[in-house]
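S.K.: just a sequence and a predicted model for now, questions to come.
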Amino acid sequence: MLDRRKFLSTTALAAAALATPAVLRAQENRLVINSFGGAYEEIHRRLVITPFEQMTGAKVEVVTAYSADMLAQLRAQKDAPQFDVAHFSGGLETQAAIEGLLAPIDPAELPNAADLYDFARAGLSKGVGPTYSTAVIGLLYDTGKVTPAPSSWNDLLREGLGEHVLLTDAASNTYGMLGLLMMNRVAGGTLDDIGPGLDFARRLLEAGAIVVSKSPEIQQNFAQGVAWLAAYAQDYAYTLTKAGLPVRFSQPEEGAAMAPITVNLVAGRPNRELALKFIDFSIRPEAAAGWAEALRYTPTNRKVQLAPDVAEQVVHGEAAIARLVQFDPLVIAEKRAGWNEQWKRLLAR
Amino acid sequence: MTAPLSARLLGGLIVIVTGLVMLVPLAVVVAASFSESAFLVFPPRGFSLRWYGEILGSEAYLSAAWTSLRIAVVVTLLAVAIGTPAAIALSRPATPWREPLAGLFLSPLVLPTLIFGIGLLMTASLFFGGPGIGGLIIGHLVICVPYVIRTVTAVLSRADPRLEEAARCMGAGLWQKYWHVILPQCRTGIAAGAFFAFNISFDDAVVALFLRAPGVETLPIRIYSQLEFSPDPGVAAVSTLMILVSVLLVLLIDRAVGLDRMA
Amino acid sequence: MSDRITAAARRESLALLAPGIAVLLLAFLLPVAVILVTSVRDPAGGLTAAHFAKFFVDDYYLRIAWRTLRLALAITAVTVIFGLPLAWIMVRAGPRLRFAIMLMVILPLMTSVVIRTFGWLVVLGNGGLLARLGEFLGLDGRALVLMHTETGVVIAMAQVLLPFMVLTLLGVLRAIPRDLEEAARTMGAGFWATMRLVVLPLAVPGIVSGSLIVFALSISSFITPSLVGGVRLPVLASSIYQSIGGSFDWPFAAAQSVLLLAATLAVIIPYTRLARGRT
């Protein structure tokens, strides 16, 4: 059996020989990580990956894979993991940790972890890596169309906005799900009962709300002047602002949801030392400040100093962060499949 | 034979409507690539070539294009090498289990590529130590071979079976028979099949989405990532270049085998 | 003697088929088997029908399945309706017109589905090209917004798949001898009668295999339907993708794909039988 497997893989290798890039050759001093593609990946390289390579002399191989794809790949590779470090956003790391795909870390192994807010390092012993930045889910609005500026989640129901309200699919988009959970919370629901949130969304749909599933569609709808108000992320508001659109982010009085971005240690890989070094390098204050400056993510390291213009557009500081809502990722992981079923039935025509 | 006026008018209408439907979405993308603004919107604002400069200086796009090209070439060669003999055999009445085998060979066409990608990923992880470029090539191969088989079979179904018979009667050896009689008959089918195979492999975003591995990022995946996270007119610029390459390729094929022999 | 020839011919055929069969076994049947097994396994490793039962718990997934089939049939019909005359015009046209049509059919085929679909988003969407055209013609602002409608999906998918239909038909129509049409005309048949009685029947094999490809590709594609149709018009392929990427329910995804496969075969098998009967 072993021989046959060897033979088959040799055949496959021979077929691929023409096309195999040199980088796939096994290397000792090498890490394989995922990043999220596009501008994010470029900034990731600039802030963390390239400086890390220069500092350690290690080679870091980057694969573009979003959280969902990453979890799928880790699951599929369970017996022979190919990644050393996995980046997740929006709570999937908890699911991965429960399944044993990620390895626990002793906080003492990460010198920079001491500077993190408590929530950002709470899961280390369970396999959930540190949170190096967090996205914030609140309201995006067109400053020319929505006056006065929205200050509450209930403003989504404001008279006259109807067809110009934009919702994001809660089943396929984590930000969309967090928006739904915030509506649910404001409407009196809990994680055990998202009925009020679904009713809230139903009223929005009946008023003509647009539903999209990907962030480019949000951009397009704002750019075409169709969408005026949306439940989405602080960082995306900045993307739209940069693109020249009159869009601002508002943190509603009831609070905004946190979507942590984590850097995790994959279980069952040989080079734990180097991977931990990379994780520690990812959570140092300079990196968090860079993320805030480049993409408007909220820093999780106490030592971060922000420039005034950045500070104005980013939720930051101990007091402000305390007001953010973090939904229990374990409960989310457990209930999400059920919510998805309800949400899909609400949406489908 | 001349068609009546009604038929000519209807034909003209169909050509025009189809032309619009086929080309306007591409024209929109090309137009967007010259936009000055930092986001994709139509009609584009201003005129600028800066997005072309950006993508041609982008290591990520260039290496993805190189990866896609190599994979597509390998897949095309293998698909032709495997599909052509299979099609020849499937065209012969004497071949045992012809019908079920033909069904089997064409069945990757009816299996959703998405599911196939997942199945391959699970299989690769279970038996071959995870996905990689080899898995991706094999994945593309399986979805490309049926196209070669279809096009070659279609050509052979119109060929005269007695030619082969005659070659044998006249004492042609096995290799002579293939080289001088059978393969020339297959030529247009092979060209069309190779064309399909190259295109499917080069375009595929689905199998590649599941079978990508460290260091293996194809151009469609790169574009998909870009569209997913931060679309800018650079994506339109890349596709405009791809359209240009296509035009060139189509013209080359026209030179080589004649475009109207491609079907 | 003739037995020996037959045996040799069989061996020759099997040798020709061997590499293809090897690839199919390794890279096609095995993955399909893995999916089949996944669709009926419970977490403990035993057999279960629970993943299939989930599909039938209410009419939500059945409606998705019905929409998938309906859209695929509509797309196939549209590509036949446009592809057949187009292919015939190409066969009968002069070289210049033929080349122009070929180019316009092939160009979209050569571009990435992601890009073509993006083009459609801009054409069909709010404030898009078609909506502007509607405003220009004095129609209601949203009348021509086909984004997130089934009509929009059919149009966008037809553009993506028409090349497959035309290229397939072209090969078959070209093989129809011009003399046959001439003969029909000489015997008094009009243009339309000649089309119906001579060209159409001879084109059936092309229509069948073209439809097969278009139907199979449209039923299995998810990028165009999910981007143009949006989340409120789910089709089976996007539901399967959602089960994998959104709910992480792989066994249910496997079960849905088994059902999708079964539905495809249920349409395609009688279709090929029918076509064979007619020729």
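M.R.: All right, it came through fine.
S.K.: helix or strand for whichever residue of the stretch 1-150 of chain A sits closest to chain C, which one?
M.R.: Across the stretch 1-150 of chain A, no residue is closer to chain C than residue A:68, which sits at 4.1 Å (CB to the nearest CB). In short, each C-beta sits where N, CA and C put it, glycine included. Per DSSP states H and E: residue A:68 is located in helix A:67-76.
S.K.: alpha carbons only: can I get that helix in CSV?
M.R.: Output in CSV follows, covering the C-alpha atoms of helix A:67-76 (Å, rounded to 0.1, in the frame of the first residue of the first chain):
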residue,chain,number,x,y,z
SER,A,67,-11.1,32.7,7.1
ALA,A,68,-13.7,30.3,5.7
ASP,A,69,-11.3,28.9,3.1
MET,A,70,-8.6,28.7,5.6
LEU,A,71,-10.7,26.6,8.0
ALA,A,72,-11.7,24.4,5.1
GLN,A,73,-8.0,23.9,4.2
LEU,A,74,-6.9,23.2,7.8
ARG,A,75,-9.7,20.7,8.1
ALA,A,76,-8.8,19.0,4.9
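S.K.: so the helix or strand just after that helix, near chain C or not?
M.R.: Beyond helix A:67-76 on the C-terminal side, the first helix or strand identified by DSSP H and E is strand A:85-89. No - using CB under 8 Å from any CB of the partner chain, strand A:85-89 stays clear of chain C, coming no nearer than 12.9 Å.
S.K.: now check whatever helix or strand comes next after strand A:85-89, is it near chain C?
M.R.: Stepping forward along the backbone from strand A:85-89, the first helix or strand reached (DSSP H and E) is helix A:92-98. Yes - using CB under 8 Å from any CB, helix A:92-98 reaches chain C at residue A:95.
S.K.: what are the buried residues along helix A:92-98?
M.R.: Within helix A:92-98, the residues scored as buried using 16 or more other CB atoms under 10 Å in any protein chain shown are A:92, A:93, A:94, A:95, A:96, A:97, A:98.
S.K.: so which elements touch that helix?
M.R.: With contacts defined as 3 or more CB pairs under 8 Å, 6 or more residues apart in numbering or on different chains; DSSP states H and E, the packing partners of helix A:92-98 are helix A:67-76, strand A:85-89, strand A:257-265, helix A:329-347.
S.K.: in CSV: the ones you listed, plus mean neighbour count, distance to chain B and mean pLDDT.
M.R.: Formatted as CSV, the entries for those read as follows, by neighbours: other CB atoms under 10 Å in any protein chain shown; distance: least, CB to the nearest CB, whole Å; pLDDT from 0 to 100:
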stretch, mean neighbour count, distance to chain B, mean pLDDT
helix A:67-76, 22, 4, 82
strand A:85-89, 25, 11, 92
strand A:257-265, 25, 13, 94
helix A:329-347, 18, 18, 87
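S.K.: and the helix holding residue A:68, what does it pack against?
M.R.: In this structure, helix A:67-76 makes packing contacts with strand A:85-89, helix A:92-98, helix B:113-127, helix C:236-245, judged by 3+ CB pairs under 8 Å, 6+ apart.
S.K.: list the contacts of it.
M.R.: Helix A:67-76 has contacts (CB atoms under 8 Å, 6 or more residues apart in numbering or on different chains) with A:34, A:65, A:81-83, A:86-90, A:92, A:95-96, A:99, A:101, A:174, A:266, B:121-122, B:124-125, B:130-131, B:209-210, C:244-246, C:248, C:250.
S.K.: ok and that helix relative to helix C:236-245, angle-wise?
M.R.: Using axes from the mean of the first three to the mean of the last three CA atoms, to 10 degrees, the direction of helix A:67-76 lies 70 degrees away from that of helix C:236-245.
S.K.: check what pLDDT residue 171 gets.
M.R.: No chain was given, so I picked chain A. According to the prediction, residue A:171 has pLDDT 85.
S.K.: wrong one, chain B
M.R.: pLDDT for residue B:171: 69.
S.K.: repeat for the one 10 residues further on
M.R.: The predicted local confidence for residue B:181 comes out at a pLDDT of 73.
S.K.: name the SS class of it, please.
M.R.: Applying DSSP: H, G, I helix; E, B strand; the rest coil to residue B:181 yields a three-state assignment of helix.
S.K.: how far does the helix holding residue A:68 sit from the chain's center?
M.R.: The chain centroid and the centroid of helix A:67-76 are separated by 14 Å, computed with CA atoms, centre = their mean, to the nearest Å.
S.K.: next, the angle from that helix to helix B:113-127.
M.R.: Here the directions of helix A:67-76 and helix B:113-127 differ by 40 degrees (the same axes, to 10 degrees).
S.K.: please tell me the pLDDT value assigned to residue A:24.
M.R.: In this prediction, residue A:24 carries a pLDDT score of 40.
S.K.: can you pull out the helices in the stretch 151-263 of chain B?
M.R.: Secondary structure of the stretch 151-263 of chain B (DSSP state H, counting those that start in this stretch): helices located at B:161-169, B:174-176, B:183-203, B:206-211, B:219-229, B:233-257.
S.K.: go through the ones you listed and name the closest to residue B:152.
M.R.: With CB to CB as the measure, helix B:183-203 is the member of the helices of the stretch 151-263 of chain B nearest residue B:152 (3.7 Å).
S.K.: wait, does that closest one contact chain A?
M.R.: No - on the criterion CB under 8 Å from any CB, helix B:183-203 is out of touch with chain A, staying 11.1 Å away.
S.K.: and that helix, C-alpha only, in PDB?
M.R.: Only the C-alpha atoms of helix B:183-203 are listed here, as PDB (Å, rounded to 0.1, in the frame of the first residue of the first chain):
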ATOM      1  CA  LEU B 183      -4.500  11.500 -36.700                       C
ATOM      2  CA  PRO B 184      -4.900  13.800 -39.800                       C
ATOM      3  CA  GLN B 185      -8.600  13.200 -39.600                       C
ATOM      4  CA  CYS B 186      -8.600  14.200 -35.900                       C
ATOM      5  CA  ARG B 187      -6.600  17.400 -36.500                       C
ATOM      6  CA  THR B 188      -9.400  20.000 -36.300                       C
ATOM      7  CA  GLY B 189     -10.900  18.100 -33.400                       C
ATOM      8  CA  ILE B 190      -7.600  18.100 -31.500                       C
ATOM      9  CA  ALA B 191      -7.100  21.800 -32.200                       C
ATOM     10  CA  ALA B 192     -10.600  22.700 -30.900                       C
ATOM     11  CA  GLY B 193     -10.200  20.400 -27.900                       C
ATOM     12  CA  ALA B 194      -6.800  21.900 -27.100                       C
ATOM     13  CA  PHE B 195      -8.300  25.400 -27.400                       C
ATOM     14  CA  PHE B 196     -11.100  24.400 -24.900                       C
ATOM     15  CA  ALA B 197      -8.600  22.700 -22.600                       C
ATOM     16  CA  PHE B 198      -6.300  25.700 -22.400                       C
ATOM     17  CA  ASN B 199      -9.100  28.100 -21.900                       C
ATOM     18  CA  ILE B 200     -10.800  26.000 -19.200                       C
ATOM     19  CA  SER B 201      -7.600  25.600 -17.300                       C
ATOM     20  CA  PHE B 202      -6.500  29.200 -17.700                       C
ATOM     21  CA  ASP B 203     -10.000  30.500 -16.600                       C
END
